[in-house]
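Participant: Need a 3D model of the sequence below.
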Amino acid sequence: IVAPNHLRYRLLLLQGGKGDRVFVGPLTLAVLILQGGKSVMINFPQGNSADADKFKLGFRHYQRVEGVLTLPEGASMKAVQARVLERGQIRAQQSANL
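Facilitator: Residues are numbered from 1 along each chain as shown. Sure, this is the predicted structure:
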């Protein structure tokens with residue numbers, strides 16, 4: 001069971017083709033919340049977060065990524081967007097409205 005101010009995420013990332021190269025790049029999650037009547041975007045990993053290693057990707061065919069994000073108390077989630085970056089460019093992204 002996850003607390004009300006936590007968001008559990010689970011992703012399966014796939015690389016097409018023959019799998020002859022290893023994909024290396026970061027995952028970022030952008031969560032849109034409603035707090036105090038205002039929309040706020042929170043990005044993960046945050047700055048110098050100790051959790052940054054959990055968002056590093058390195059795989060040949062596929063990689064499962066899962067975890068729990070802590071959101072501010074009283075925040076209501078509206079949407080989340082996952083982005084996979086390669087050399088600073090967006091390689092893939094997926095959004096979900098909650």
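Participant: okay, the closest residue in space to residue 77 that isn't next to it in sequence: pLDDT?
Facilitator: Spatially, and ignoring its direct neighbours in sequence, residue 77 is nearest to residue 98 (4.9 Å; Cβ to Cβ, 6 or more residues apart in numbering). From N, CA and C alone the C-beta is placed, and that goes for glycine too. Looking at residue 98, its pLDDT reads 83.
Participant: quick one: residue 98 from residue 81, how far?
Facilitator: From residue 98 over to residue 81 the distance is 11 Å, taken as Cβ to Cβ, to the nearest Å.
Participant: Compare those two and say which one has the larger neighbour count.
Facilitator: More neighbours surround residue 81 than the other of residue 98 and residue 81, with 16 against 11 (other Cβ atoms under 10 Å).
Participant: Need the phi and psi values for the nearest residue to residue 52 once chain neighbours are set aside.
Facilitator: Counting by Cβ to Cβ, 6+ apart, residue 52 lies nearest to residue 45, which is 4.3 Å off, once chain neighbours are set aside. Torsion angles at residue 45 (phi, psi; degrees, to the nearest 10) stand at phi -70, psi 160.
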